[in-house]
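Asks: need coordinates for the following:
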Amino acid sequence: MAGESKRLRALEEVKKIVCEDRVTQYGDPEDNFERIAGMWEAYKGVDFTPYDVAAMMALLKIARLATSDKLDNWLDLAGYAICGAGLYEE
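Replies: The predicted structure follows:
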């Protein structure tokens, strides 16, 4: 049960980060990821999509976890996954 309680707290924290804090700071993730994709395209000269941004930011967090097992990295990783899921169109 202790693990379940920690997971529920983590889910609530990710929800707060993704749906409140970051939206207030940076705007909707969909718009922000579109903006980032455009900047990456201009910098690298290759196509990027908002999906790429979500995946690559998740990879950044995975790379950080290789050297630092901070809860923040896990929460952000989950947040980028949720933002990627929010971009998904059926």
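Asks: now do L71, the pLDDT please.
Replies: As predicted, L71 sits at a pLDDT of 94.
Asks: any idea how far K44 is from the residue lying closest to it once chain neighbours are set aside?
Replies: Nearest-residue entry for L71: A10, 7.8 Å, with adjacent residues in sequence omitted and distances by Cβ to Cβ, 6 or more residues apart in numbering. Any C-beta I mention is one placed from the backbone N, CA and C, and that applies to glycine too. Distance of A10 to K44, given as Cβ to Cβ, to the nearest Å: 33 Å.
Asks: also D21?
Replies: Taking Cβ to Cβ, one finds D21 at 29 Å from K44.
Asks: what about those two, which has more around it?
Replies: Neighbour tally, D21 and K44, criterion other Cβ atoms under 10 Å: the higher count belongs to D21, 12 against 9.
Asks: ramachandran angles for the more buried one?
Replies: phi -60, psi -60 (degrees, to the nearest 10).
Asks: now it: how far from K15?
Replies: For D21, the distance to K15 - Cβ to Cβ - is 10 Å.
Asks: and what of D47?
Replies: 31 Å.
Asks: ok, the two, which is more surrounded?
Replies: K15 (13 against 9).
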